[in-house]
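Enquirer: sequence and predicted model, in that order:
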Amino acid sequence: MYSYKDIKRVHLEITSLCNAACPLCSRNFFGGQVNPQLPLTELSLRDIKKIFPPDFVEQLQLIYMCGNYGDPMVAKDALEVFEYFRSCNQKIRLGIHTNGSGRTPEWWKRLAKTVDYCCFGIDGLENTNHIYRRGTNWEKIMQAATAFIEAGGYAMWQFIVFRHNENQIEEAEELSRKLGFKEFLVRKTYRFLTPSVGIKIKDSPVVDRKGNLEYLLEEPANAQFRNSAVVQIEKGMSEPKDFVNHLNETEISCKVSR
């Protein structure tokens, strides 16, 4: 079992709120209505100070915010929380993952002085990024990234590949270099696998708030941009029972139970 003193790295889910509606995100139904079972809330700076007292922060090597259900940028006190962590521990590594479509340039400049890195989720160029990152604004993203980078921030561009943007990877990487991003990361999504039954799908519907179909998200045509784990599952499992058997027979090594 983990003990309190052994904890060195923390992923902080500071909010379930988000300004985007990515179709394959579990916080909503195919880019439409927000999942009604998801409480929409966030942790305040006051909450954080109770959960993370200074002596605990001092023992940590890393804290990063990468929302499973929300974008940390949206949390009201996100910046102040990072500044609190930095005040408690000058050596700690701090990071944030975000779509970048929000806040003022001044906010991003302050963030650059506080965190060690910011990973921007930008899945395409101006004419395609919004197809998956629904609800985001290209101009705001560029303003945010520019302000962060010009203030000395270490920025990474994370690009999730779909059929509609796979032909833009090289152009996006070139743009990232011109803007001053330090890293360009290509991501091969596993979300064309339906987790409940383990069946591979080639496309996924995208709907509006009323549930009306708007378009389809398709997996990359180029096999090199498909998730290798999903490809292996597709080869060996043609029916839901195959996936169930796979789960039942796979040995699990749980770190927490040790």
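Expert: Yes, it's here.
Enquirer: tally of neighbours for residue 136?
Expert: 22 (other Cβ atoms under 10 Å). C-beta: built from backbone N, CA, C; applies to glycine.
Enquirer: the helices in the protein, which residues?
Expert: Applying DSSP state H to the chain gives helices spanning 45-51, 54-59, 78-88, 105-112, 129-132, 138-150, 169-179, 228-236, 240-249.
Enquirer: would TSV of these with distance to residue 69 and mean pLDDT be doable?
Expert: Formatted as TSV, these follow (distance: least, Cβ to Cβ, whole Å; pLDDT from 0 to 100):
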stretch	distance to residue 69	mean pLDDT
helix 45-51	17	98
helix 54-59	24	98
helix 78-88	15	98
helix 105-112	21	98
helix 129-132	17	98
helix 138-150	21	98
helix 169-179	26	98
helix 228-236	22	70
helix 240-249	23	71
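Enquirer: dump those helices into TSV; add distance to residue 38 and mean neighbour count as well.
Expert: TSV is the format used below for those (distance: least, Cβ to Cβ, whole Å; neighbours: other Cβ atoms under 10 Å):
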stretch	distance to residue 38	mean neighbour count
helix 45-51	19	13
helix 54-59	28	13
helix 78-88	19	19
helix 105-112	26	18
helix 129-132	20	20
helix 138-150	24	19
helix 169-179	31	14
helix 228-236	25	13
helix 240-249	25	12
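Enquirer: relative to residue 15, which of these is closest?
Expert: Of all those, it is helix 78-88 that lies closest to residue 15, at 7.7 Å by Cβ to Cβ.
Enquirer: give me the contacts around the closest one.
Expert: With contacts defined as Cβ atoms under 8 Å, 6 or more residues apart in numbering, helix 78-88 is touched by 12, 14-15, 43, 45, 48-49, 52, 54, 57-58, 63, 65, 72, 75, 92, 94, 96, 107, 110-111, 114-115.
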